[in-house]
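Undergrad: What would the 3D arrangement of this be:
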Amino acid sequence: MDETELAVCRQAYAAQMLAKMGVADDERLRQAFATVPREDFLDPPPWRMPNGSGYQDMPSTDPVILYQDVLIALQEERQVNNGSPSLHALGLHWLAPQPGETAFHVGAGGGYYTAMLSYLVGSAGHVVAIEYDRALAARATANLASYGNVEVICGNGLEWPQSPADAVYVNFAVHRPAVAWIDNLAVGGRLIFPLCAPSRDGNDNLRPRSARGGFFLIQRMPHHYRARYLSPTFFVWGHAASGTLETYKALEDTFRHGGMDKVTRLRWKTPREEDEWYSEQDWGLL
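TA: From the prediction side, this is the model:
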């Protein structure tokens with residue numbers, strides 16, 4: 001397929017991903033999905049996709065096959081994928097990066113959604129992509145070399161941002177927000193992260209992916225933090241994220257009982273309040 005035909009496919013894909021998540025009126029995001037070539041952020045074909053019990057080759061080496069709502073392997077042995085386009089359409093819509101803003105992509109993988117952040121903040125903005133895995137960070141650096149407003153850092157995503165951020169987009173699962181994500185969020189800034197319990201085997205050993213969890217939006221206001229549940233989600237578990245088995249079980253039970261769609265506020269470093277949906281000593285959601 002030539003580039004003109006591929007561009008038509010990208011336009012259709014962009015419209016479909018946004019429509020699927022009910023955000024079809026986000027024109028800037030639609031243009032980002034229609035503009036960034038997904039194939040530039042993947043290995044050469046044959047591309048591999050999860051099939052429920054493992055991975056299999058995609059049935060074509062034509063890039064057009066990439067423009068659908070599928071996961072595509074980045075590191076098959078670690079179950080790290082180029083994530084669901086529709087889920088990221090929802091996340092990026094609510095993150096709402098604006099021209100000129102500073103955005104942090106925490107857990108950047110190969111850089112595909114970093115490139116969309118780059119498009120959304122524009123030439124006057126700046127994107128810092130953090131990736132823990134050295135091989136993936138090197139790939140992201142190469143893939144994003146032509147994006148002049150992007151900086152790639154190989155590091156622990158729980159420690160970034162280290163300066164005020166307008167938007168923080170986290171793409172690995174954790175059982176609590178990292179201190180840096182909240183404390184370095186500028187007033188008016190937005191954080192989206194997957195709050196999840198890790199998957200465990202029958203002996204309570206952790207598996208590499210999350211179990212029950214959801215995407216949450218946090219917005220810093222002058223005197224408090226707004227919070228909103230966006231959708232259920234599953235992500236690879238964060239390398240450096242470590243809690244207790246009791247905490248993991250409590251969070252999983254909280255999700256099982258529901259009610260996350262009623263969450264409106266984050267409590268951060270203040271005493272516990274009544275009627276919190278989920279509560280720990282130094283933070284909670286209510």
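
Undergrad: Residue 245 versus residue 203, what's the distance?
TA: Going from residue 203 to residue 245 by C-beta to C-beta, to the nearest Å gives 11 Å. C-beta: built from backbone N, CA, C; applies to glycine.

Undergrad: Compare these two (neighbour count), which wins?
TA: With neighbours defined as other C-beta atoms under 10 Å, residue 203 and residue 245 compare such that residue 245 has more, 11 against 5.

Undergrad: For the more buried one, give its distance to residue 198.
TA: In terms of C-beta to C-beta, residue 245 sits 10 Å off from residue 198.

Undergrad: wait, is residue 92 part of a helix?
TA: Yes. Judged by DSSP: H, G, I helix; E, B strand; the rest coil, residue 92 forms part of a helix.

Undergrad: Retrieve the pLDDT associated with it.
TA: We have a pLDDT of 98 for residue 92.

Undergrad: Contacts only, for it.
TA: In this structure, residue 92 makes contact with 29, 32, 113, 116, 117, 120, 169, judged by C-beta atoms under 8 Å, 6 or more residues apart in numbering.

Undergrad: ok, 6 Å please
TA: For residue 92, the contacting residues are residue 29, taking C-beta atoms under 6 Å, 6 or more residues apart in numbering as the criterion.

Undergrad: And for residue 215?
TA: Shown in contact with residue 215 (C-beta under 6 Å, 6+ apart): 91, 194, 230, 231, 233.

Undergrad: Residue 212 - that's part of a helix, no?
TA: No. Going by three-state DSSP, the assignment for residue 212 is strand, not a helix.

Undergrad: That one contacts residue 253, doesn't it?
TA: No. Applying C-beta atoms under 6 Å as the test, residue 212 and residue 253 come out as separate, 9.1 Å apart.

Undergrad: and the two? which has more neighbours close in?
TA: Between residue 212 and residue 253, counted using other C-beta under 10 Å, residue 212 has the larger neighbour count: 17 against 12.

Undergrad: how near is the more buried one to residue 71?
TA: Residue 212 is 19 Å from residue 71, by C-beta to C-beta.

Undergrad: Skipping adjacent residues, who's closest to residue 153 in space?
TA: Leaving aside its chain neighbours, residue 153 sits nearest to residue 130 (5.3 Å; criterion: C-beta to C-beta, 6 or more residues apart in numbering).

Undergrad: What's the local residue count around that neighbour?
TA: Using other C-beta under 10 Å, residue 130 is surrounded by 27 other residues.

Undergrad: Please tell me the pLDDT value assigned to it.
TA: pLDDT at residue 130 comes out at 98.

Undergrad: where exactly do the strands run in the stretch 151-286 of the chain?
TA: 165-170, 185-200, 206-220, 225-232, 265-268, 278-279, 283-285 (DSSP state E, counting those that start in this stretch).

Undergrad: and those, which is most packed in?
TA: For these, the largest average neighbour count (mean count of other C-beta atoms under 10 Å) is found in strand 165-170, namely a mean of 26.

Undergrad: ok but the residue nearest to residue 153 is inside a strand, no?
TA: Yes. Assigned with three-state DSSP, residue 130 falls within a strand.

Undergrad: Next, the buried residues of the one helix or strand residue 49 maps to.
TA: Per DSSP states H and E, residue 49 falls inside strand 48-50. The neighbour-count check on strand 48-50 (16 or more other C-beta atoms under 10 Å) flags 48, 49 as buried.
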